[in-house]
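Visitor: Give me coordinates for this.
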Amino acid sequence: MIMEQDSKRSKAVSRGLLSNHRYLSKKVMLLNALGNAKARKKLQQRKRVSERKVGDAQDTNADKEVNILSSVTACTDIWEVDSGFCSEVSPPTSGRSSPSPSAMAVVALDCEMVGTGPGGRCNEVARCSIVDYHGDVLYDKYIKPCQPVINLRTRWSGIQRHHLRNATPFTEAREEIIHILEGKVVVGHSIYNDFEALDVLHPCHMVRDTCTTRLLGRLAGVQKRRFVSLRVLAHKLLNRTIQADRKGHCSVEDARAALDLYKLVEDEWEHELRDDRAPEKPSFASSNHFMQDQYWPNNICPDATH
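Guide: So this is what the prediction gives:
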């Protein structure tokens, strides 16, 4: 009896252990399934986030490309307006000059400087003059420098103290000058010194500096690579005496001299600029012989042997 009871008790314990084992196994499987589902869900979320980032990056790149194309188009339009001719005829790789400009589009500029800063060694504009193609004055004003004047340089500039008492403030004068020069071909002698003092950036293809062109030096019989003063060029080529007054230079007189020097070589100068910038057009006549059968692959020629 006792043995039968022990046997029954052991069988019941075994059944309980087995059921517990099954229960625990199912629970483990359920937990694994839940864990895998969560892992898959996280993985999908990460995938969606990465795809969204990639899409945003592509949209950003597309926007950048659109902006770049818009900027290039805008620059091209500005270049065509400034230069006075279309980029289809003259490519933007040259980017400098136009055909011979009309009289309405040419002005000449000259500035007189005074010394400011330490030792009066800084150049600041105290007078600026602009004349049109016919020499008529478009602008001629005394300009008040931004810093205190240390050296008037009257012997060269012609500026005296009383000229600056009611002079136009520099910022105001600069805006007026930029407005006049806009869209114009600007002639001058060592004109980049004037642009620097005025803090003006004028398009290079619309500047004619009589100091640097070889044409005037050649006419004046001056050695190559030598910069000649406006006074010497005016004397030799225009038979005109300028900058001779001990009271100083006159910016109107200097602007007219630079303009007349430009007119002496205007056609040749503009033609030279066009030649420097004109693209070489492909000669289709010279390339016609490449259409002959001998230059085509064998599998294209109708008489080719297979």
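
Visitor: C-alpha only now, for contacts and for neighbours.
Guide: Noted.

Visitor: Can you pull out the low-pLDDT segments for the stretch 151-300 of the chain?
Guide: 224-225, 276-300 (pLDDT under 70).

Visitor: Quick one: the helices in it, in order.
Guide: Here the stretch 151-300 of the chain has its helices, by DSSP state H, counting those that start in this stretch, at 154-157, 170-181, 191-198, 214-219, 230-237, 251-264, 266-277.

Visitor: Which among the ones you listed is found nearest to residue 243?
Guide: Relative to residue 243, the nearest member of those by Cα to Cα is helix 230-237, separated by 6.6 Å.

Visitor: And the closest one, what does it pack against?
Guide: Here helix 230-237 touches helix 251-264, going by 3 or more Cα pairs under 8 Å, 6 or more residues apart in numbering; DSSP states H and E.

Visitor: mind listing the strands for this protein?
Guide: Remark: strands assigned in the chain by DSSP state E are 106-116, 122-132, 137-144, 149-151, 168-169, 185-188, 207-209.

Visitor: can you list the residues that contact the shortest one?
Guide: Residues outside strand 168-169 that contact it (Cα atoms under 8 Å, 6 or more residues apart in numbering) are 141, 142, 143, 144, 145, 146.

Visitor: The fourth one bridge partners, please.
Guide: Beta bridges link residue 144 to residue 169 when assigned by DSSP bridges.

Visitor: any idea of the pLDDT on it?
Guide: pLDDT for residue 144: 96.

Visitor: who's in contact with it?
Guide: With the criterion set at Cα under 8 Å, 6+ apart, residue 144 makes contact with 125, 126, 164, 165, 167, 168, 169, 170.

Visitor: same thing but 10 Å
Guide: 124-127, 163-173 (Cα atoms under 10 Å, 6 or more residues apart in numbering).

Visitor: for the fifth one, same thing?
Guide: When contacts are counted by Cα under 10 Å, 6+ apart, residue 145 touches 113-116, 123-127, 164, 167-171.

Visitor: which one of the residues you listed has the most neighbours?
Guide: The most crowded member of the contacts of residue 145, judged by other Cα atoms under 10 Å, is residue 126 (29 neighbours).

Visitor: Would you mark the buried spots in stretch 148-159?
Guide: By neighbour count on 16 or more other Cα atoms under 10 Å, the buried set for stretch 148-159 is 149, 151, 152, 153, 154, 156, 157, 158, 159.

Visitor: Any idea how far apart the tips of it sit?
Guide: In stretch 148-159, first residue to last residue: 14 Å (Cα to Cα, to the nearest Å).

Visitor: quick one, which of the helices of the stretch 151-300 of the chain is packed in tightest?
Guide: helix 251-264 (a mean of 22; mean count of other Cα atoms under 10 Å).

Visitor: quick one on the thing from earlier: list just the nearest of the contacts of residue 144 to residue 233.
Guide: residue 127 (22.7 Å).

Visitor: Any idea what the closest one is bridged to?
Guide: Counting by DSSP bridges, the residues bridging with residue 127 are residue 112, residue 142.

Visitor: I figured it hits residue 113, correct?
Guide: Yes: counting by Cα atoms under 10 Å, residue 127 touches residue 113, with 7.1 Å between them.

Visitor: joint contacts of these two?
Guide: Shared contacts of residue 127 and residue 113, defined by Cα under 10 Å, 6+ apart, are found at 143, 145, 157, 158, 159.

Visitor: Generate a markdown table for those residues, with distance to residue 237 as supplementary columns.
Guide: Listed next are the shared contacts of residue 127 and residue 113 as a markdown table, based on distance: Cα to Cα, whole Å:
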| residue | distance to residue 237 |
| --- | --- |
| 143 | 32 |
| 145 | 35 |
| 157 | 24 |
| 158 | 25 |
| 159 | 28 |
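
Visitor: For those residues, work out which two are farthest apart.
Guide: 145 and 158 (15.2 Å).

Visitor: hang on, residue 198 packs against residue 172?
Guide: No: if you go by Cα under 10 Å, residue 198 and residue 172 don't touch, sitting 11.3 Å apart.
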